[in-house]
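[1] pasted the sequence and its predicted model underneath.
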Amino acid sequence: MKTVLITGANKSIGLETARQLLQQGYYVYLGSRDMQKGRQAADQLKSEGLQHIEPVMIDVDSADAINAARRVLGAKTQSLDVLINNAGISGGFPQTSLETDPHVFRQVFDTNFFGVINTTQAFIDLLRQSPAPRIVNVTSGLGSLTLHTDPAWKYYHVKGAAYTSSKTALNAYTIVLAYDLRDTAFKVNAVDPGYTATDFNHHSGPGTVPDAAARIVKAAMIGPDGPTGQFFSDDNAPETGISPW
């Protein structure tokens, strides 16, 4: 049975991603920085008949918490097939380049960027033990520099200085990570779940949580002939599914 760790999986898109991967036969380690909420989420899925799930406490803002989670998983499994770096924060809006407090930038980057790096580096040894390891970095269409410079883009005026910058940085890290793992069985991709109605955006998005999660699941289950180092976005590139960086 393939194993997957999903950060920030106790609610919303992360929780639905766990549900869909459970339905596909994966054993899910449901990451949550609040263990009580993680247990509640796991119990919810178990009540649906999805039994192969365990909550794992992991706060991606804390290197100590990440390393502790690595030790916990290491005692449970010798390999990890999929890592989904889903945990993220917006930092609150509006965010202008001149008025947003630098503390907000640091806070958002700690979660959305450095948290991904720390988590990936902590679990890379378990991933290397998988015959077909996958890393999915959940990004945003707002991380595209190409689209942000196009006045015709539908989200051209949606510019959160801290959040947008953090996702652009995450995209850049994804490119380098995929390059560094290019001669291995790894597939490393960034996935934009789309503008989805969640509490992240006060349920203002037109997309649904199941559709958003399905995009992440698709990348997590990508086959050996699938691409690596790509930026998947059905929202920004409905014809090709590949967003410009």
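    Arrived safely. Since this is a predicted model, take the numbers as computed values, not measurements.
[2] quick one: contacts of the longest helix anywhere in the chain?
    What stands out as the longest helix in the chain, according to DSSP state H, is helix 161-180. By Cβ atoms under 8 Å, 6 or more residues apart in numbering, the residues outside helix 161-180 that reach it are 90-91, 93, 95-97, 100, 104-105, 107-109, 111-113, 116-117, 120, 135, 137, 139-140, 142-145, 148, 186, 188-190, 228-229, 231, 245. Every C-beta, even on glycine, is put in place using the N, C-alpha and C of the backbone.
[3] let's see that with 7 Å instead.
    With Cβ atoms under 7 Å, 6 or more residues apart in numbering as the test, helix 161-180 has contacts from 90-91, 95-97, 100, 104-105, 108-109, 112-113, 116-117, 120, 135, 137, 139-140, 142-143, 145, 188-190, 228-229, 231, 245.
[4] count of neighbours near residue 17?
    Other residues near residue 17 number 30, with proximity taken as other Cβ atoms under 10 Å.
[5] before we move on, what about residue 146?
    12.
[6] now it. Nearest residue, chain neighbours left out?
    Once flanking residues are discounted, residue 146 sits nearest to residue 244: 3.8 Å by Cβ to Cβ, 6 or more residues apart in numbering.
[7] please give the element, helix or strand, for that neighbour.
    Using DSSP states H and E, residue 244 sits within no helix or strand.
[8] report the contact partners of it.
    Counting by Cβ under 7 Å, 6+ apart, residue 244 makes contact with 144, 146-147.
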